[in-house]
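[1] Provided below are the primary sequence and the corresponding predicted coordinates.
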Amino acid sequence: MVSKKNISKVNILEHVLVPSHKVLSSEEREMLLRKYNIKPSQLPKILASDPVAVAIGAKPGDILEITRKSPVAGVTLAYRIVVEG
Amino acid sequence: MSQEVEIKQVDSIKFGVLSPVEIRRLSVMEVTTDETYDQDGLSVPGGVMDTRLGTIEPRQRCKTCGNLPDKCPGHFGHIELPVPVIHVSFAREIERVLQSTCRQCGRILLPSDRISDYREKIREFEENYGIVPDQIFDQIKDEVRRSNRCPHCGADKYQVKLERPTRFYERDPDGVLRLLNTRIIRERLIRIPEDDLRLLNIDPEVAHPAWYVIEVLPVPPIQVRPSIILETGERSEDDLTHKLVDIVRTARRIREYIESGASPLIIQDHEDLLQYHVTTYFDNEAVGILPAQHRTRKTLKTLAQRLKGKEGRFRKNLSGKRVDFSARTVISPDPYLGIDEVGVPEEIAKILTVPERVTYWNRDWLVQLVRNGPFIHPGSEYVVRPNGARHKLQFVENRDSLAEALDIGFIVERHLLDGDFVIFNRQPSLHRLSMLGHRVKVLPGKTFRLHPSVCPPYNADFDGDEMNLHVPQSIEAHVETSMLLGVKKHYLTPRYGAPIMGAIRDFITGAYLLTRKDTYLTKEEFARIIYAAGYEGKLPEPEVKKPVPLWSGRQAVSLLFKEDFNYVNKTSVGGPSRDEAEIIVKNGKLVSGVIDKASIGAEKADTILHRIIKKYGAEEGHRFISSFQKMVREFLLLRGFSFSYRDVSLPKEVQGQVEKEANQADVEVNSLLEDWSKGRIKRIPGMSEEESLEAYIMDALSKVRSKVGSLVSSSLGLDNNMVIMTKTGARGSDLNVGQISGCLGQQALRGKRIFKGYIGRPLPHFRKGDLSPVARGFIKSNYYTGLSPVELFYHSMGGRESLVDTAVRTQQSGYLQRRLIHALESLRVEYDGTVRDSYGNIVDVIYGEDGVDPSKSDHGKSVDAKRIVEEYALSAVKKGKPADRQTVKRIIEEHGRLLPVNIQREAFHAIVSKGLSKQAARNVVEQILREYRRALVEAGESVGVVAAQSIGEPGTQMTLRTFHYAGVREANVTLGLPRLIELLDARKTPKTPMMTVYLKTPYNKDYARALRVARKLVYTTIEDVSRISLKSTMAYDYLVIHPVKEWLSERGLTEKDVEKVLETLGLKFNVKSDGSFEILIKTDPQKFESKIRKTPVSGITKVKGVLLKEEGGEYCIVTEGSNLVEVFNIPEVDHTRTISNDIHEIASVLGIEAARAALINEMWKTLNEQGLDVDWRHLSLVASAMTQDGEIKQIGRHGVSGRKQSVLAKAAFERAVQVLVEGAVSGAEDRLLGMTERVLAGSEIFAGTGMVKVYVDIGGFLSRSENNDGGESVAQQQA
């Protein structure tokens, strides 16, 4: 989906629309999966080729914690698992 | 001999294809003859109407199972076909399989190592995820397509082609096409190893490809194809029966021909005919066939047609069913009813019944109802004995004795009575507020009566609307109707968290008149209206004591407020007098201001009703709005309010002013025309002179209407009955007033003045090319004086357009709504607060980003922390010194940890500014937390459906056409419904791609600098800035490029730039004295010229135009066309803020999360621009669902709905037959977890109250309680 020509030279992580993505450590990962009693595959996904995933060096199987800015809650957390593609 | 029918609960449905073996095993008989009935009208044994196939005749026993019609399930037969026949619906699958396998050995066209790779991958997915993603099979398909020879036996691959509907050809390497007959196809399919089939996403155990070629055809039981007896006594057979007869007949003929050794040509012809009959039997609309017809030319409805589409089985009979205990009639208003009541005609109340179980306590009452019988109103229809025996009272001779026999445990089906809760509904049911629970009030008359205040949620009026009423039949249903569906529970809509109900029309007029400063009432009047409002208390002191005691209207209204109620708001009347411009309620007293739409209207946030509900709860809100409206009703009845011809006639001098206004526009337009004829019109960038002229004229004319509106309205003033209605917001607008009394203004067609019609003129009354206002649809007359024939014609043209527009819009938004519902219906909140689909996949970890239910929010806000702090500060006795910032911070961290951060912040600032003490701060934070918790969503809430409805419902109110801001300045952007559809469709490129480019600091402050950057962006080719011509001499061709100064400077370029470009192209050229460049052409001149023409000089590809805009004190560039990557690379551009309206582009450049955010922003902007209020959380959920898989999925069959796991849900949405075939081939299993599937299967859905399970052994519990002298036996003893 992401072709080479779409890779921008500037740091996209600085963009207002891009929330901060963080790879969860294995302990945090376990905590999350236990909290919601889920398998990783039940989480929303993010492609390994996603520009942000590439920028932070996330590998398939990693779970990303996303800190979204929200007009209703101020800040809210979301999670996505990195999948091939 | 009769067999009992077993009843079981369906857990899951497995899809597959019937094998010939199974078909024969299921069959009770072979159909061998095409005769149906003999001369005596008896069915012929061995025919398609054989009685062994089941019975539907009353009192006739089935020959197979021995049951009567109500118990006989029907039995399949079969037809042995003389030659195999292709099943149309599977033709594509056959094509796919043939293309993917070897024609010699039948193996899949993949090398062994790849096969094992893929098997491993599939196994892995099955283990970890339970399902295998389609992408894997797509990969296999791709790889297979690329192979040319079988890696197993080395045979060449032939190209297989399907000629719709059922013919297969293969092309050998020499390019010769050969027809494949069905026997060969079947043999090839049989040869394929089962393990290879699995790689093609085929489950060979339940759907082997060999079975896609039919050799034996099942004959469905007659229950499926009942014959009907016409009024003439003639028997008419079902379409399927006709088709089956055709098949049997053709099959028989083929056999005869084969036996008699007829010519192969004749046999082939009949084989084709058989194929045709079987094809049309399955699908009479298959591509490439002539649909089979009746003698009457009506096309037959065969199997596929039975399932497909809106009238098909899925949508017509399975997703929704006809119901009993319902009524429908015209509605009419009744302000004397309660808001939550519905007036039911006695006639209807005598037909609809409620089953009531006889108990010790209600026996006497029910006995009386039985005595009354079916014809006297509070009566009853049926009595059911505990053994199930039913007595229809209409036929019971001695009702009295039956009534006497009534005992505990009997059930009386009594008439509908006052106080019963029923579900009331108006179509289209666009949101949950279209079905509300009302209390019955039995009334004389023939229409349903409802209070005008419940019109907004239903979108009902009384111009002939009809509504439906449903009577719950169990105690559980009755309770749910009153507690979950009740009108009282739905004052606040989940769409935006504010009241959708409130005063409308005359109630607003009345409220205004009552609360006007000069409204005073005598004792009798005052007493009458407060009594009507249900006020029971002391009469307050009169405001005026002499000469007669008089009470003000405001005093009356004040009696309805609680003492601690405070309210401030601007009124909609506004106006110069401060008394009317602002409404103030202080400590339960209406101190000043009038009550009008702004403070009591429907579909408004921050009305008095809203504040009361938020402060005291829905019950108090209901009490207030009910009594308030009763008071207003009584007052308006006393005072009277009317509207007459006099109210719309203007005083002479105002008429003159209106005329002057219209003439002024005429003058303006004339001077514009004058300028134009002399070529003095200033061109608007991107427009021709004519277009610019039109834009200026429209701008001038469009002002007239609004000016006249406010002129007329202000000149008539608030003593005019029409103006009272418009200013208070009861009905109509200034524009309407202006059109009635002033002038009608410009009539538009497609957003432009009227140009349609004859050549150069809309009507023959004008000269050709006449651009004057009158000739192009400007109307100076008004409705009061009437229109001239020409004006009327123009007016009708505009009217026609708006009718068409509405019709188109309802269709589009209806389909949008359906897609949204199907995509999101299964999303619900789980007990852990997550939003998940029916298979447990998480869509959002917290619903709507803060976990708050919009219908419990305060117009979107979870809690109004500031208000709570302020109220606390007011009420609490001041003690202790104010806590310092640090302490407040600590308290909030300690007690308010669970609050969203923005609420924490708000609370912090409020507490600090109010200077609360430590203890007070603690209390207040705890209260905020309590209120926040109260606003959280409950587990089981169907948030998906609510979101879908909240976006779909306002869709109908959106304007269809893209709006032009009077033509001047603004760029043309896709807005409204088309834009919303585009976003939800996830179109690859928007219709009008756009970027908003922000600049870094020095460049964004200065117009000139910003302009320079803007010019740099526009994509410019040589042809854009120069005249290009060919020059030929005897020997050579030259291309002459002549740069044009003005064109260059428009884009901030010079001749040098063009020269540089030519240099970089590596071309040799001569610079001529006039500044042009001459290039020697060596190749094809045409090609060379077009190459040069398209050579870019400057700018960014795709950026077609730019527009400078001032926004928040800085300049930014709005571009036409979008190309984020390249814009980011320009140093002057602020790459952290620059955005595009192309969601896919954002996804590929900035990632899926940025795309999600952009999607929400775009939807938000689109809805707000239309003045539609939709809670953020709904948009957030839709965006989450669309981006769940890491890429943007459409709301529709190619996206969210298409990737559902459930076959049934997909089949009920779109392309039923295809979905079923795909499900069958892959051997899919539907576990019936989603909402549609459950409805189709007739079970309870897993959401809301259906999600609750009782983990108690009810059987064991009951048996124990019986032993312990349970409640029932006590009742019996007492009886």
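    Perfect, I can see it now.

[2] Can you name the residues that contact residue 79?
    All of this refers to chain A. For residue A:79, the contacting residues are A:24, A:32, A:43, A:44, A:63, A:64, A:65, A:66, B:842, B:845, by CB atoms under 8 Å, 6 or more residues apart in numbering or on different chains. From N, CA and C alone the C-beta is placed, and that goes for glycine too.

[3] Correction: the question concerned chain B.
    For residue B:79, counting by CB under 8 Å, 6+ apart, the contacting residues are B:30, B:31, B:216, B:217, B:219, B:244, B:247, B:248, B:251.

[4] Which PyMOL command selects the buried ones in these?
    Those of those that count as buried under 16 or more other CB atoms under 10 Å in any protein chain shown are selected in PyMOL with:
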select buried, chain B and resi 31+216+217+219+244+247+248+251
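
[5] in chain A, which residue is closest to the centre?
    When CA atoms, centre = their mean is applied to chain A, the residue found nearest the centroid is residue A:64 (3.8 Å).

[6] Give the bridge partners for it, please.
    Residue A:64 has the following beta-bridge partners by DSSP bridges: residue A:23, residue A:80.

[7] Confirm for me that it is in contact with residue A:25.
    No. Applying CB atoms under 8 Å as the test, residue A:64 and residue A:25 come out as separate, 11.9 Å apart.

[8] hang on, the earlier thing: need the contacts of residue B:79 in a markdown table (columns: distance to chain A and secondary structure).
    Shown next, in a markdown table, are these (distance: CB to the nearest CB, whole Å; DSSP: H, G, I helix; E, B strand; the rest coil):
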| residue | distance to chain A | secondary structure |
| --- | --- | --- |
| B:30 | 50 | strand |
| B:31 | 50 | coil |
| B:216 | 42 | strand |
| B:217 | 43 | strand |
| B:219 | 45 | strand |
| B:244 | 47 | helix |
| B:247 | 48 | helix |
| B:248 | 51 | helix |
| B:251 | 51 | helix |
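
[9] Now do the strands in chain A.
    A:20-23, A:45-47, A:63-70, A:74-83 (DSSP state E).

[10] same check, this time on the stretch 1001-1150 of chain B
    For the stretch 1001-1150 of chain B, the strands defined by DSSP state E, counting those that start in this stretch occupy B:1020-1021, B:1026-1032, B:1037-1043, B:1069-1071, B:1077-1081, B:1096-1098, B:1105-1111, B:1114-1120, B:1139-1140.

[11] Sheet-wise, list the partners of the first one with their directions.
    Taking DSSP bridges as the criterion, strand B:1020-1021 pairs within the sheet with strand B:1096-1098 (antiparallel).

[12] Put the alpha carbons of the helix or strand hosting residue B:978 into PDB.
    Following DSSP states H and E, one finds residue B:978 within helix B:976-985. Extracted as PDB, the C-alpha positions of helix B:976-985 are listed here (Å, rounded to 0.1, in the frame of the first residue of the first chain):
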ATOM      1  CA  GLY B 976     -22.900  18.100   2.100                       C
ATOM      2  CA  LEU B 977     -24.200  14.600   1.400                       C
ATOM      3  CA  PRO B 978     -22.000  13.900  -1.600                       C
ATOM      4  CA  ARG B 979     -18.900  14.600   0.500                       C
ATOM      5  CA  LEU B 980     -20.100  12.500   3.400                       C
ATOM      6  CA  ILE B 981     -20.800   9.600   1.100                       C
ATOM      7  CA  GLU B 982     -17.400  10.000  -0.500                       C
ATOM      8  CA  LEU B 983     -15.700   9.800   2.900                       C
ATOM      9  CA  LEU B 984     -17.700   6.800   4.100                       C
ATOM     10  CA  ASP B 985     -17.200   5.100   0.700                       C
END
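
[13] Run through the neighbouring helices and strands of that helix.
    Under the contact criterion of 3 or more CB pairs under 8 Å, 6 or more residues apart in numbering or on different chains; DSSP states H and E, helix B:976-985 touches helix B:789-824, helix B:943-955, helix B:1152-1169.

[14] Could you pull up the mean pLDDT of that helix?
    For helix B:976-985, the mean pLDDT works out to 90.

[15] One more: stretch B:221-233?
    Here the average pLDDT along stretch B:221-233 is 86.

[16] got the contact list for it?
    Residues outside stretch B:221-233 that contact it (CB under 8 Å, 6+ apart): B:49, B:53-56, B:72-76, B:235-241, B:244.

[17] run the last query once more with 7 Å
    Contacts with stretch B:221-233, where a contact means CB atoms under 7 Å, 6 or more residues apart in numbering or on different chains, come from B:49, B:53-54, B:56, B:74-76, B:235-238, B:240-241.

[18] now stretch B:1038-1052
    Outside stretch B:1038-1052, the residues that reach it (CB under 7 Å, 6+ apart) are B:1012, B:1015-1016, B:1018, B:1020, B:1022, B:1024-1031, B:1054-1055, B:1058, B:1075-1081, B:1088-1089, B:1092, B:1098.

[19] same check, this time on stretch B:7-14
    Counting by CB under 7 Å, 6+ apart, B:206, B:1208, B:1229, B:1230, B:1231, B:1232, B:1241 sit against stretch B:7-14.

[20] Same check on stretch B:338-352?
    B:325, B:327, B:329, B:334, B:337, B:374, B:377, B:415-416, B:422, B:424, B:438-451, B:453-454, B:469, B:471, B:486-488, B:501, B:622, B:625-626.

[21] So stretch B:497-514, near chain A or not?
    No. Under the criterion of CB under 7 Å from any CB of the partner chain, chain A is not reached by stretch B:497-514; the shortest gap measures 10.9 Å.

[22] Chain neighbours aside, what residue packs nearest to residue B:283?
    Spatial nearest neighbour of residue B:283, chain neighbours left out: residue B:304 (3.7 Å); criterion: CB to CB, 6 or more residues apart in numbering or on different chains.

[23] Against residue B:1215, how distant is the one you found?
    Distance, residue B:304 to residue B:1215, using CB to CB, to the nearest Å: 11 Å.

[24] more crowded one of these two?
    A direct count of neighbours by other CB atoms under 10 Å in any protein chain shown for residue B:304 and residue B:1215 places residue B:304 higher, at 22 against 15.

[25] quick one: that one and residue B:1217 touch, right?
    Yes. Judged on CB atoms under 7 Å, residue B:304 makes contact with residue B:1217 at a distance of 4.8 Å.

[26] Now do the shared contacts for those two.
    residue B:283.

[27] where in the stretch 1151-1279 of chain B is pLDDT low?
    Per-residue confidence for the stretch 1151-1279 of chain B (pLDDT under 70) gives these ranges: B:1264-1279.

[28] who in it is up against chain A?
    B:1151, B:1152, B:1153, B:1154, B:1157, B:1158, B:1176, B:1177, B:1188, B:1189, B:1190, B:1191.

[29] correct me, but the fourth one touches residue A:18?
    Yes. Distance between residue B:1154 and residue A:18: 4.7 Å, which falls inside the contact criterion (CB under 7 Å).

[30] And the residue of the stretch 401-550 of chain B closest to chain A?
    residue B:497 (10.9 Å; CB to the nearest CB).

[31] who's in contact with that residue?
    Counted by CB under 7 Å, 6+ apart, residue B:497 has contacts B:854, B:855, B:857, B:858, B:859, B:860, B:1175.

[32] want to throw those into a markdown table with secondary structure and neighbour count?
    Putting the contacts of residue B:497 into a markdown table (DSSP: H, G, I helix; E, B strand; the rest coil; neighbours: other CB atoms under 10 Å in any protein chain shown) gives the following:
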| residue | secondary structure | neighbour count |
| --- | --- | --- |
| B:854 | helix | 29 |
| B:855 | helix | 22 |
| B:857 | coil | 25 |
| B:858 | strand | 21 |
| B:859 | coil | 18 |
| B:860 | coil | 19 |
| B:1175 | coil | 27 |
